[in-house]
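J.: have a look at this prediction, sequence included:
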Amino acid sequence: EFWTALLGKVYDCMVKVNGLLSVPEFVSVISRLIAHRDAVIRKRALTLFIERVSRAEESHHRYTSDEAQHFVSMVAHLTPVIEAAEPAATTAAATAGGDESAELSRRDVNVIRQTAVYSLNVLVKHFGAQCPEVFEGALPTVVRTFSGNLKDASVSLEVAASGLACLTSLCNTLGLRLLPGLATFMPPLLDACACSLAVEGDASASAAKSNSSGSSSGAESAATSKEVEYRLAAKQLLRKSTLAAIHAVIGTLPNFLAPYLKTLVQLLTNAQLRPDASATKDMAVCLQQAAAARSALAQQVPHRMLLPALFGAYPELALPATRANSASLVLFFSVVQAALHQLSRADLASQYKTLFKFFLLAFDYRQQALKHRQQALSEVAAKAAAAAAATAATSSSAASANATEDGGRSAKKKRRQSNHGDGEQQQREEQVQRAQQEAQADAVRRGAVAGDAEVDSVEVAACVAFRELVMKLAESSFVPLFLKLVDWATRADAPGLRLLLFYRLVDVLAGALQTFFVPYFGHFFRSVAEVLQDPVVKLAEAPEQAPALVTFVVQGLHKCFLYDDQNFVNKERFDSVFEPLVALLSNTALLASAAVAAATATGKSSDAAPQSEAETAARYISQVTSTVLPCIVQLALCVHSQPLWKKLHSSLLNLTRSDVAATRQGALLVVEALFERLGEEYLVFLPETVPFLAELLEDDSLDVERQCRKTITTIEGFLGESLSRYF
């Protein structure tokens, strides 16, 4: 402790003495010390140099031109230190000749190189604008720090990260002067970024393998785990540095990145860079840098270069349709949306047809994901079946051998053995089937295929990006595109899954365009009625998506009725949709499943299906209240016609006599809402409503009876008198 304290005091004295030296004398001393044989002295000399250069910023002191030239002259002395692959002279420990000494020597060299790169970085920040030619000459040295195979364990990721940080400073300081070196540093920069995004899983796998090995001693296992943690921290630093460098390059040389844009898009939309509220502090910084780089990419790169790169990157991001690729596509469409937001109307006039073709391709993602899922799960099931069959065959061969040895069995015993063999065959088939199901479920858990939630998130992102395109189009350009979109989704030979995307998109566009979009419902209103009548038939290849389809259709209709100020909904259109809408109230299973799908999509629930009748009823009522009820009430408000109201009211009253209690309760909810929203004008239907309410007051279901009393209270509020004498 005494010697440690003494050493600290000596360092303090040395710092003060160095502070008294003039800049030329200080630089002369440091240039000799960084070539000293002792690694500790070399590191300390570099540290003193960094402190001296940075001191001006802290004290707001400006160095003279001559002083700046002396500091910049250190670049020539730092370059050999940065490029040193082996120590110029070994430390005393290294000369002992052991493996540990050799490792210590290698690490010393890496620390010295890293400090030297940081010294160069500090010089760039302070004097780069004054002496740009000197630092341009140092660019190849900086690039070599992060070139090569960074996955090699012998390569120092800390040195590479420091080199990338120095490249960031060079870009920010020198600007266009780095253009001649773009082809030199851009490929290794992209390789370093790809490495930082890919190697984390490899390192984790190595750690798991090491920890699971029973042959390693406790000390070796602990050392290996520590090494893996150290490596992962270095990779996180590398990732942070690469993203900062990419952001700087995009901001500095956006007009010259055409050969690298496709790779840039793929890297910046990597699934590991998706927003994550639970990310660690360091990872949160990386995510912020990635978001800033994506924003710069969309805002600063000319659209004539960026759009072709986006179109070219999409197919490789879309397939195979895995969970990771789905997350990448969400980020990808955020870039598309931001790029469209920056696009001027004049530029869009020459690009919108190409963009529309791209979106049609993207809108088929669910179809592609379904095919990939079926193919991948079939392959997994086949492999599992083969493995299970091989195991069963081995067991059967052993049993046959035993049976051959026992040749003197009676006929009765042989028949029993034959029956037993049939049972074993059935058991083997069941084992194969279970193995297939378990393997498929494991593939879904591992993210080898994209689940419905992942596909939904991609479709939402694509629809939002398309909305950005539509908001900038003139009506004369939008109409033909929309008609093509309607035909693409609703024609007889179109895949049913396109309807799911189409009505999701209709819901998004109706919410954005409001009154302007209402007349466009006329192009597909017949399809709306057909979907509501039998959504399962429309989605023959994926009937499990029928609840989601119905939800989008109902939500779109609600917006149509809400924003209709042009009498779009006439008697004919009312008649075509009110019966299917009312009929939905009787489909408790469909609406309950829709509630589950909606809750899962918003992250509020992970339950696959209702587990009991009461749970089914609760979810059914929730979906009625949130979607069907507002749509029916808005339809009534929209038409404002008592003859049409009468049709609607009669259909609802008939549903209150359903055999299903939840349906009766749902119909009552809608009746109450109609009386509440239409007020006194709707009281004309009270006489025909009273008999139904009288029956429901004696209903076997407490929920129905409770809702009936609530409905009566609502009606009495508008009537101004009690209805008790009628019951």
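T.: Perfect, thanks for sending it.

J.: what pLDDT does residue 675 get?
T.: Note for residue 675: predicted pLDDT of 95.

J.: show me the contacts for it.
T.: Residue 675 sits next to 682, 683, 711, 714, 715, 718 when contact means C-beta atoms under 8 Å, 6 or more residues apart in numbering. C-betas here are computed from N, CA, C, even on glycine.

J.: can you map out the strands along the stretch 201-350 of the chain?
T.: Counting by DSSP state E, counting those that start in this stretch, one finds no strands in the stretch 201-350 of the chain.

J.: where does it dip in pLDDT?
T.: Within the stretch 201-350 of the chain, the stretches with pLDDT under 70 are 201-224.

J.: what's the answer for the stretch 451-600 of the chain, then?
T.: 600.

J.: out of the contacts of residue 675, which is nearest to residue 634?
T.: When the contacts of residue 675 are ranked by distance to residue 634 (C-beta to C-beta), residue 682 comes first, at 14.3 Å.

J.: quick check: the closest residue to the closest one other than its chain neighbours vs residue 668, distance?
T.: Sequence neighbours aside, residue 675 is the residue nearest to residue 682 in space, at 5.4 Å (criterion: C-beta to C-beta, 6 or more residues apart in numbering). Distance of residue 675 to residue 668, computed by C-beta to C-beta, to the nearest Å: 11 Å.

J.: any common contacting residues for those two?
T.: Common neighbours of residue 675 and residue 668 (C-beta under 8 Å, 6+ apart) are residue 711.

J.: now the buried members of the contacts of residue 675.
T.: Neighbour counting by 16 or more other C-beta atoms under 10 Å classes 682, 711, 714, 715 among those as buried.

J.: surely the second one meets residue 667?
T.: No. Taking contact to mean C-beta atoms under 8 Å, the distance of 10.2 Å between residue 711 and residue 667 leaves them out of contact.

J.: what about the residue nearest to residue 682, helix or strand, and which?
T.: Following DSSP states H and E, one finds residue 675 within helix 661-678.

J.: now do the buried residues in that helix.
T.: 661-675, 678.

J.: now it, how far from the chain's geometric center?
T.: Centroid separation for helix 661-678 versus its chain: 40 Å, with C-alpha atoms, centre = their mean, to the nearest Å.

J.: just say helix, strand or coil for residue 450.
T.: Recorded secondary structure, residue 450: coil (DSSP: H, G, I helix; E, B strand; the rest coil).

J.: looking at it, it is touching residue 373, isn't it?
T.: Yes. Judged on C-beta under 8 Å, residue 450 makes contact with residue 373 at a distance of 7.0 Å.

J.: between these two, which has more neighbouring residues?
T.: Neighbour totals were compared for residue 450 and residue 373, and residue 450 leads with 30 against 22 (other C-beta atoms under 10 Å).

J.: how long is stretch 620-632 from one end to the other?
T.: Across stretch 620-632, the terminal residues are separated by 16 Å (C-alpha to C-alpha, to the nearest Å).

J.: how far does it sit from its chain's centre?
T.: In terms of C-alpha atoms, centre = their mean, the centre of stretch 620-632 is set 30 Å apart from its chain centre.

J.: what does it contact?
T.: With C-beta under 8 Å, 6+ apart, stretch 620-632 has contacts from 551, 554-555, 557-558, 561, 578, 581-582, 584-585, 588, 591-592, 594-595, 598, 648, 662, 665-666, 669-670, 673-674.

J.: any idea how far the closest residue to residue 162 other than its chain neighbours is from residue 258?
T.: Excluding the flanking residues, the one nearest residue 162 by C-beta to C-beta, 6+ apart is residue 117, at 4.0 Å. For residue 117, the distance to residue 258 equals 30 Å [C-beta to C-beta].

J.: ok, those two, which is more surrounded?
T.: Shown here are residue 117 and residue 258; by other C-beta under 10 Å, residue 117 has more neighbours (27 against 14).

J.: that one contacts residue 159, doesn't it?
T.: Yes. Using C-beta under 8 Å, residue 117 is in contact with residue 159, at 6.4 Å.

J.: overlap of the contact sets of the two?
T.: With C-beta under 8 Å, 6+ apart, residue 117 and residue 159 have common neighbours residue 145.

J.: re the thing from before, pick the one among the buried residues of helix 661-678 closest to residue 136.
T.: Checking those against residue 136 with C-beta to C-beta, the nearest one is residue 673 at 72.8 Å.

J.: widest-spaced pair of the buried residues of helix 661-678?
T.: Across these, the longest distance by C-beta to C-beta is 26.2 Å; it joins 661 and 678.

J.: quick test: name the residue nearest the centre of the chain.
T.: The centroid of the chain falls nearest to residue 327 when counting by C-alpha atoms, centre = their mean (3.0 Å).

J.: residues in contact with the nearest residue to it once chain neighbours are set aside?
T.: Ranked by C-beta to C-beta, 6+ apart and with sequence neighbours excluded, the top spatial neighbour of residue 327 is residue 271, at 3.9 Å. Neighbouring residues of residue 271 by C-beta under 8 Å, 6+ apart: 323, 324, 325, 327, 328, 331.

J.: separation between residue 521 and residue 481?
T.: Using C-beta to C-beta, residue 521 is found at 16 Å from residue 481.

J.: hmm, I was thinking of residue 573
T.: Going from residue 573 to residue 481 by C-beta to C-beta gives 24 Å.

J.: same question, residue 149
T.: Applying C-beta to C-beta, the value for residue 149 to residue 481 is 48 Å.

J.: neighbour-wise, which of those two wins?
T.: With neighbours defined as other C-beta under 10 Å, residue 149 and residue 481 compare such that residue 481 has more, 19 against 9.

J.: quick check, that one in contact with residue 356.
T.: Yes. Between residue 481 and residue 356 there is a contact under C-beta under 8 Å: 5.2 Å.

J.: that'll do, ta.
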